[in-house]
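[1] Kindly generate the corresponding structure for this input.
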Amino acid sequence: MTRLRIPTAFDLLLFWHGLFVGAYTVAYLTAEGAPALHEFSGYAALALLAVRLIIARLAGQRAPWALPLPRAAQWKNFARQLLSGRLGVLRGRTPFAPLSGLLILGVMVLVSLSGLAADWWKWEDLHDGLAEGSLALVLIHIAIVSFAPLLRRLAAARSEDAAPSRLQTP
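    Prediction:
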């Protein structure tokens, strides 16, 4: 029998993230061919952003719903270790991850609001430009978030290859 569990705050954030990624992807891919679906997914993305920002305001500094603000101490420690030649610092959580998350939220708010402006006042050029630029930022965000786990896996694989084998042959 499967036991149900109450989702954690992080589970709910991942659920929100999935919904937002879906709404953004549908809105981006239907920009030219399906205007009704494009508008619906754009409004869904705007509503999801509003929910995210309201919850972040209510949550304050409590993780994981707090806004991903990169801390000055985190930047100082990261820069100090990087300048001292410790490239292993790139394998951990870098300040680029929360910075890219914050930039994504800000740009998506602008894209969504410019979509409203395009819907109401026919400012399509502004919305199109911001939306096209947002794709580059999304791809950079994906690269940053994926980079550290990839480095950790590569380091683990190297350490396994370098470790002496426990199996002894007679």
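
[2] CA only for contacts and neighbour counts going forward, please
    Fine.

[3] Run through this structure and note the low-pLDDT ranges.
    When the per-residue scores of the chain are filtered using pLDDT under 70, the ranges that remain are 92, 148, 151-152, 155, 158-159, 161-170.

[4] Domain-wise, how is it divided?
    7-67, 79-162 (automatic domain parsing).

[5] Output the ones you listed in TSV, with distance to residue 1 and mean neighbour count appended to each entry.
    What follows is these, written out as TSV (distance: least, Cα to Cα, whole Å; neighbours: other Cα atoms under 10 Å):
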stretch	distance to residue 1	mean neighbour count
domain 7-67	18	16
domain 79-162	34	15
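
[6] by contact count, what packs against the helix or strand encompassing residue 149?
    In the assignment (DSSP states H and E), residue 149 maps to helix 124-162. For helix 124-162, the packing partners by 3 or more Cα pairs under 8 Å, 6 or more residues apart in numbering; DSSP states H and E come out as helix 96-121.

[7] quick one, the helix it packs on and helix 124-162 angle?
    With axes from the mean of the first three to the mean of the last three Cα atoms, to 10 degrees applied, the angle from helix 96-121 to helix 124-162 works out at 160 degrees.

[8] which helices and strands sit right next to helix 96-121?
    Taking 3+ Cα pairs under 8 Å, 6+ apart as contact, the helices and strands that helix 96-121 lies on are helix 35-59, helix 124-162.

[9] Nearest approach to residue 11 belongs to which of the ones you listed?
    helix 35-59 (13.9 Å; Cα to Cα).

[10] Can you list the neighbours in contact with the closest one?
    Where contact means Cα atoms under 8 Å, 6 or more residues apart in numbering, the residues beyond helix 35-59 that reach it are 16, 19-20, 23-24, 26-28, 30-31, 65-67, 105, 108-109, 112-113, 115.

[11] Next secondary structure after it?
    Heading C-terminal from helix 35-59 (DSSP H and E), you reach helix 72-83.

[12] Restrict that next one to CA atoms and write it as CSV.
    Backbone C-alpha positions of helix 72-83 (Å, rounded to 0.1, in the frame of the first residue of the first chain) are rendered in CSV as follows:
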residue,chain,number,x,y,z
ALA,A,72,27.3,39.7,0.2
ALA,A,73,29.1,37.3,2.5
GLN,A,74,28.5,34.5,0.0
TRP,A,75,30.0,36.6,-2.8
LYS,A,76,33.0,37.6,-0.7
ASN,A,77,33.7,34.0,0.3
PHE,A,78,33.3,32.8,-3.3
ALA,A,79,35.6,35.4,-4.7
ARG,A,80,38.2,34.9,-2.0
GLN,A,81,38.3,31.1,-2.7
LEU,A,82,38.3,31.6,-6.4
LEU,A,83,41.1,34.1,-6.4
